[in-house]
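K.L.:
Got a predicted structure here, sequence first:
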Amino acid sequence: MNLALWAAKTGLDAQNTQMAVISNNLANSNTTGFKADRAAFQDLMYQNVQQVGAQSTQNTQYSTGLSLGTGVKIAATEKNFSQGSVLQTGGTLDLSITGQGFFQITMPDGTLAYTRDGSFSMDQTGNVVTATGYPLSPAITIPVGSQSVTVGSDGTVSVTAPGATKATTVGQVQLANFINVQGLQPTGNNLLVESGSSGSPQVGAPGLNGLGTLQQGSLETSNVNTVTELVNMITCQRAYEMNSKAISTTDQMLQYLTTNLS
Amino acid sequence: MDRGLYVAMTGAKQIMQAQAVNNHNIANSNTVGFRADAVAFTSQPIYGAGFPTRVNAVAGNAGIDFTSGVLETTSQPLDIAVNGKGFIAVQGADGKEAYTRAGDLRVTESGAVTTVAGQPVLSETGPLNIPPSTQVTIGNDGTISVVPLGSPPDAQSQVDRIKLVNPPTADLQKGDDGLLRLKSGVKAPTDETVTVTSGVLESSNVNAAQSLVNMIELQRLYEFQIKSINSADTDEQSAERMMLTS
């Protein structure tokens, strides 16, 4: 096959994937706790047509070689875990993490998932659950009829029972952190799960061991920078056009060959 | 058969290879730290019986364009760009030292610092490893400092230093994996004057306008060659006709 065509084709593919990543980021620019993705490009292997320094005759060597690159690929998509801005909502169970760490969520199959989305609510029995209805881990239950719920910056959840003057502690929010947060696998629904490359979770109370602190009544917004995404989109579109032009030019060359030598 | 036909055919074939190199550059116009390949043609006289009147064109790498790419601010602590000249030392799949300008680094679960392609980044003594930590900072001279897991944010500890080198670019060549290596096969010594900036990535240095102009030029050159083949064919046909009438 013609390498010139295929090298340009890989460019189209990679730009197409990049565009999908940008679109997903833009679509999630209002998703609570969403972390922007970035596509990492990498050049594909090179084919050595003529080795530099090879013997051209017994006494002489080629001073230049020819290695043909075969295009580009998307090596990985990586999440940007920088802090999103904090939006004050006033919601009792709206929690945002300032700093590192993730809320732990118990999935229906009993495994744990991790999220930065702190828009929690209560189910019918008073359990603190995510918008999807998955409970927070360790589970926290707000007693029925509680007058006020307070979540401290260290994760302590306390409530005031009707008629009581003092608040009682009903639970403690714990955060998890990972050595390689980039290695967490996004599964949708604002959730990430542990993978082979993320390492195991280091769980602790907010504010300790480098974990972030909690803020009640606020939510962390998406960290998608729309301006960056739009600039990336322009770059991506132009790169796509250039690759497309490369394909059509190579095609014209081959067409010229077939029409003139038939 | 006129041997000029074969000279033109070789020309067309070599130009198509040059177009492949150009297309590869265009495909990598968004690849972090990518250095464009240049291609040039050299004359290769054909020796044999008689005079060497036929000269084939042979495409060859005319080196690598080492001008710097545009810097993009990403604010990611593990993204680094080499300022001016110099390279980051990494370990290729063959276990040998190689060099790259792509500074989008990451940390694996075992604490190894690698490139996106998974090649371990090297320090003066070997592959770089960092302990479990909550924060990683890369200094201007490549020094990595971390806040170990379980320590307060002010407990910075210096871990190691990324090996930065600056060998003469003329001595470098690209391997099959796209990494740069010294032609002599030896390791380049650490250069203390090379600095990096954290939170920035260097883009590809492929020049869009130049690549497109090259593309057009190669296309037209290709057409010349095909035209020559065509002419050789026409000449041959005329000669045949002449033989028939006589």
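P.N.:
All right, it came through fine. The structure presented is a predicted model; accordingly, all values stated were derived computationally and were not measured. Numbering: from 1, shown residues only, chains lettered A, B, ... in the order given.

K.L.:
Spell out for me which residue occupies the centre of chain A.
P.N.:
The residue lying closest to the centre of chain A (CA atoms, centre = their mean) is residue A:79, at 3.1 Å.

K.L.:
Retrieve the pLDDT associated with that one.
P.N.:
Per-residue confidence (pLDDT) for residue A:79: 90.

K.L.:
Same question for stretch A:146-161: list its buried residues.
P.N.:
Using 16 or more other CB atoms under 10 Å in any protein chain shown as the test for burial, stretch A:146-161 gives A:146, A:149, A:151-152, A:155-159. C-beta coordinates here come from the backbone N, C-alpha and C atoms, glycine included.

K.L.:
Please flag which of those residues sit within strands.
P.N.:
A:149, A:151, A:156-159 (DSSP state E).

K.L.:
where are the low-confidence patches of the chain?
P.N.:
Using chain A. Residues of chain A meeting the criterion pLDDT under 70: A:1, A:63.

K.L.:
nope, chain B
P.N.:
Those would be B:1-2, B:245-246, if you go by pLDDT under 70 across chain B.

K.L.:
Under a three-state scheme, what state does the residue nearest the centre of it occupy?
P.N.:
For chain B, the residue nearest the mean C-alpha position is residue B:35 (4.4 Å; CA atoms, centre = their mean). Assigned by DSSP: H, G, I helix; E, B strand; the rest coil, the conformation of residue B:35 is coil.

K.L.:
Contact partners for the residue of the stretch 151-262 of chain A found nearest chain B?
P.N.:
Closest residue of the stretch 151-262 of chain A to chain B, CB to the nearest CB: residue A:210 (3.2 Å). Contact analysis of residue A:210 by CB atoms under 8 Å, 6 or more residues apart in numbering or on different chains lists A:99-100, A:177, B:134-135, B:147, B:149-153.

K.L.:
Could you give the number of residues near residue A:140?
P.N.:
22 (other CB atoms under 10 Å in any protein chain shown).

K.L.:
which residue sits closest to it, ignoring its sequence neighbours?
P.N.:
In space, and not counting its chain neighbours, residue A:140 is closest to residue A:171: 3.5 Å by CB to CB, 6 or more residues apart in numbering or on different chains.

K.L.:
Outline the domain layout of the chain.
P.N.:
You didn't pick a chain, so chain A it is. A:3-81+A:224-260, A:86-220 (automatic domain parsing).

K.L.:
Actually, chain B is the one I wanted.
P.N.:
B:4-66+B:206-245, B:71-202.

K.L.:
circling back to that earlier point, isn't the residue nearest to the centre of chain A up against residue A:36?
P.N.:
Yes: between residue A:79 and residue A:36 there is a contact under CB atoms under 8 Å: 7.0 Å.

K.L.:
can you pull up the bridge partners for residue A:177?
P.N.:
residue A:202 (DSSP bridges).

K.L.:
Now do the same contact list for it.
P.N.:
A:100-102, A:201-202, A:204, A:209-211, B:134, B:149.

K.L.:
Give me the subset of those residues lying in strands.
P.N.:
Among these, the members falling in strands (DSSP E) are A:102, A:202, A:204, B:134.

K.L.:
Tell me which two of the buried residues of stretch A:146-161 sit farthest apart.
P.N.:
A:146 and A:155 (17.6 Å; CB to CB).

K.L.:
element containing residue A:64?
P.N.:
According to DSSP states H and E, residue A:64 maps onto no helix or strand at all.

K.L.:
For it, which non-adjacent residue is spatially closest?
P.N.:
Residue A:64 sits nearest to residue B:60 (CB to CB, 6+ apart), 3.7 Å away.
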